[in-house]
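Asker: What shape does this take:
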Amino acid sequence: MSSSCPFCNLNVPLADLEWHANNHFEEEELARDAELAHQIAIGPPSPVRMDEPMESAELSTVLAEVSAECSTSISRFNPNNCIERLFQDNISHLVKLQKKGSFHKVEGGLMVLLKRCLDMESDYLRSVISGHVDHFQSIESEDSGWGCGWRNVQMLSSHLLMERQEVKDVMFGGSGFVPDIPSLQRWLEVAWKRGFDDHGAKSFNYKIYGSKKWIGTTECAALLRSFGLRARIVDFDGETIGSLRKGKRKVQQAFGPMDKFLLHSITNNKARPASLGIDNHSSVDHDINNCLRKTNGPQILVEWVWNYFNSGVSGRCTQQVAISQKTPLYFQHSGHSRTIVGIQMKKGVQGMPDTYNLLVLDPGQGTTAIEMSLREKKGWQQLLKRGMHTLRKSQYQLCYIDNGIACEAEIEHLKFIESALIKI
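Answerer: Numbering: from 1, shown residues only. From the prediction side, this is the model:
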């Protein structure tokens, strides 16, 4: 009797299934363990040697149990259980083998330094920023020119692991640290194999480990959703009904999870209903039925960002700089991506619209340069502030993470990546 490998879909004998599947991991240690499991599966049982390292003995026992389950009679065999065991086994390998991502740790915290600088600015300015975020910069010898997406995933992860205890327990096998890019590539492959963003995974042929392929908000969402996180995507589009990566997912016409942060309706001057049931875990009530007026594309985007961060501030905030409970935003546009960690507003006077500056961490900038400018309170505005006049692209994408961990039924919905479309 044979069964299909959950990784490459090749039909192999049941007795060889876990041995074949584990060989997809290329590390020598995994290969040796998989070979040992294969020998156990086809040979008579033997007692574990007392001088054998405990980790190897335990791993061999687990693989042997998987083999035994997969080799039972047809009446008792459950292929779904076998495949799930293989997934869990490979995930446990990945948890052990993943490496911590390297970054320059800013003493006292980068966001604390940013808050101090913002506090010193004019009283006419109001700012809202995320909590803890570590800056991960692209390294010329490692990922220069292609790794910005991965660096943004690392920055988002650094916030989640520090600010949300429930997330810390489920992300990256509970390791408590942000993995390096090769390890993140492995985690994305695992997400794809589990069915997250299957359509998008096909465009990569389900393989990304060791490559220099660019990723975007879709891959970020698939990776985070595989841990049960409620990652959301919104498209700001000034061209067509579509997205930066057309055909990768279904695009909703600006309903539901993203609309709650819009000040104004922008289709036929009528407010739109909030109706996406699968996103009813969002923490902010929908309020788009007021202040209808015409505005340009960048204004719509920055107002959305302002409302997003401001919705995470407890009570009525009168501080010059407020800390939001919302996650940073993965900020994607054609050719590059960055991380929005907050926003600053200057109130309009005499009928003029409010003006905004996005507060952005760019993977292309050096962390030490950012830290020095913040400590010296000199030149940091040029590194971190991005005014509305810099938003010259016709399409943008944002990704953020709502609170909580999804239940099993909801996770099945999260496997299908959708975004909300906001016309600008």
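
Asker: can you pull out the strands in the stretch 51-200 of the chain?
Answerer: 125-129 (DSSP state E, counting those that start in this stretch).

Asker: Oops, could you answer that again for the stretch 251-400 of the chain instead?
Answerer: Using DSSP E, counting those that start in this stretch, strands in the stretch 251-400 of the chain cover 321-323, 329-333, 336-346, 355-361, 385-387, 395-405.

Asker: Residue ranges in this structure under the pLDDT threshold?
Answerer: 1-4, 6-9, 12, 14-87, 240-295, 316-318 (pLDDT under 70).

Asker: do that again at 80, thanks
Answerer: The model of the chain has pLDDT under 80 over residues 1-90, 239-296, 315-318.

Asker: For the stretch 201-350 of the chain, which segments are assigned as helices?
Answerer: Per DSSP state H, counting those that start in this stretch, the stretch 201-350 of the chain carries helices over the ranges 217-225, 297-310.

Asker: among those, which is nearest residue 410?
Answerer: helix 217-225 (9.9 Å; Cβ to Cβ). Every residue, glycine included, has its C-beta placed from N, CA and C.

Asker: which other helices and strands contact the closest one?
Answerer: The contact analysis (3 or more Cβ pairs under 8 Å, 6 or more residues apart in numbering; DSSP states H and E) places helix 217-225 against helix 148-163, helix 181-193, helix 198-203, strand 229-237, strand 329-333, strand 395-405.

Asker: Any chance of those in CSV with mean neighbour count and distance to residue 133 as columns?
Answerer: Shown next, in CSV, are the helices and strands packed on helix 217-225 (neighbours: other Cβ atoms under 10 Å; distance: least, Cβ to Cβ, whole Å):
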stretch, mean neighbour count, distance to residue 133
helix 148-163, 24, 5
helix 181-193, 21, 17
helix 198-203, 16, 26
strand 229-237, 25, 16
strand 329-333, 25, 11
strand 395-405, 21, 13
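
Asker: which residues does the residue lying closest to residue 385 once chain neighbours are set aside contact?
Answerer: Distances taken as Cβ to Cβ, 6 or more residues apart in numbering put residue 357 closest to residue 385, at 4.4 Å, once the chain neighbours are dropped. Residue 357 sits next to 343, 344, 385, 386, 387 when contact means Cβ atoms under 8 Å, 6 or more residues apart in numbering.

Asker: Out of the residues you listed, who's the most crowded?
Answerer: Tallying neighbours with other Cβ atoms under 10 Å puts residue 343 at the head of those, with 27 neighbours.

Asker: For residue 329, see how far away that one is.
Answerer: Separation of residue 343 from residue 329 (Cβ to Cβ, to the nearest Å) stands at 9 Å.

Asker: repeat for residue 314
Answerer: 20 Å.

Asker: Okay, and the beta partners of the residue nearest to residue 385?
Answerer: residue 344, residue 387 (DSSP bridges).

Asker: if we look at the sheet, which residues does the residue nearest to residue 327 when sequence neighbours are not counted bridge to?
Answerer: Spatial nearest neighbour of residue 327, excluding adjacent residues (Cβ to Cβ, 6+ apart): residue 401 at 4.7 Å. For residue 401, the beta-bridge partners under DSSP bridges are residue 231.

Asker: Wait, residue 401 touches residue 160, no?
Answerer: Yes. Between residue 401 and residue 160 there is a contact under Cβ atoms under 8 Å: 6.7 Å.
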